[in-house]
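Quick one, what's the 3D model for this:
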Amino acid sequence: MTTTDSTESIEQKETNRVGTINSFGTPDETWTAEYPWTRYRGPAVFPVPGDWVLSIVEGDGTSWYYMDEYGDGVGSEHAVYDALDEDPSIEDPFIACEDIRLASADLTRLPASVESDAGADNAADWEFTINSITIFRRTDPARDDLYAAVADALAQFDAGESPRNISVSFDTGTLPEDVQEQHEIEQRKQNNKSLTSFE
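Residues are numbered from 1 along each chain as shown. As a prediction, this is how the structure comes out:
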């Protein structure tokens, strides 16, 4: 990467910053050059593409809300609430904020399956859902890769794609054992179907 490319990438990442109060410098994550991002009480960055806003970050998960036009260019649900609170035409900003939540997404850290090849004591499966529909599960992906996949899925939903049709790719981690087994079963069924079609 040349100096010019590096400078452009940094500038693009800063352009994609949304609703961040404190600056901890330009993030290292590659996906931040493509998707809007924000921070939550520290240097870690989280995607907030389209009308998605960050709701809460905890040790075992992260949540987002889809706030329609209220979320456009806004980093957090708290910022949406503050804007509604300043509007004299709105009686109860808390209720108004709940009313404009059109969808929710959750990234949850689950204990890794016993059969996991990850081997580390802190191995974990990550599950990402939109409106309680599982988009992906992944064992021990790199953080950058994990949030790149989340950013991609949130952006696809914002573009009008159904959660059931959203697909994301990973460069790191593995499929959980039960997901691998299910894929193998489906592949065998497909192979059997192909064989019988020639009879």
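
could you list every residue that touches the most centrally placed residue in the chain?
By Cα atoms, centre = their mean, the chain has its centre lying nearest to residue 150, at 2.4 Å. Residue 150 makes contact with 47, 105, 107, 128, 168 under the criterion Cβ atoms under 8 Å, 6 or more residues apart in numbering. For glycine as for every other residue, the C-beta is placed from the backbone atoms N, C-alpha and C.

Excluding residues flanking it in the chain, which one is nearest the last one?
Beyond its immediate neighbours in the sequence, the residue positioned closest to residue 168 (Cβ to Cβ, 6 or more residues apart in numbering) is residue 149, lying 4.1 Å away.

Extract the C-alpha trace of the biggest helix by length in the chain and format it as PDB.
Ordering each helix of the chain by length in residues (DSSP state H) puts helix 177-197 first. In PDB, the C-alpha atoms belonging to helix 177-197 read as follows (Å, rounded to 0.1, in the frame of the first residue of the first chain):
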ATOM      1  CA  GLU A 177     -19.800 -28.400  14.700                       C
ATOM      2  CA  ASP A 178     -23.600 -28.700  14.500                       C
ATOM      3  CA  VAL A 179     -23.700 -26.300  11.500                       C
ATOM      4  CA  GLN A 180     -21.000 -28.300   9.700                       C
ATOM      5  CA  GLU A 181     -22.900 -31.600  10.300                       C
ATOM      6  CA  GLN A 182     -26.100 -30.000   8.900                       C
ATOM      7  CA  HIS A 183     -24.200 -28.800   5.800                       C
ATOM      8  CA  GLU A 184     -22.900 -32.300   5.300                       C
ATOM      9  CA  ILE A 185     -26.400 -33.900   5.600                       C
ATOM     10  CA  GLU A 186     -27.800 -31.400   3.100                       C
ATOM     11  CA  GLN A 187     -24.900 -32.100   0.800                       C
ATOM     12  CA  ARG A 188     -25.500 -35.800   1.000                       C
ATOM     13  CA  LYS A 189     -29.200 -35.300   0.200                       C
ATOM     14  CA  GLN A 190     -28.300 -33.200  -2.700                       C
ATOM     15  CA  ASN A 191     -25.800 -35.800  -4.000                       C
ATOM     16  CA  ASN A 192     -28.400 -38.500  -3.600                       C
ATOM     17  CA  LYS A 193     -31.000 -36.400  -5.400                       C
ATOM     18  CA  SER A 194     -28.500 -35.900  -8.300                       C
ATOM     19  CA  LEU A 195     -27.800 -39.600  -8.500                       C
ATOM     20  CA  THR A 196     -31.500 -40.600  -8.600                       C
ATOM     21  CA  SER A 197     -32.200 -38.100 -11.300                       C
END
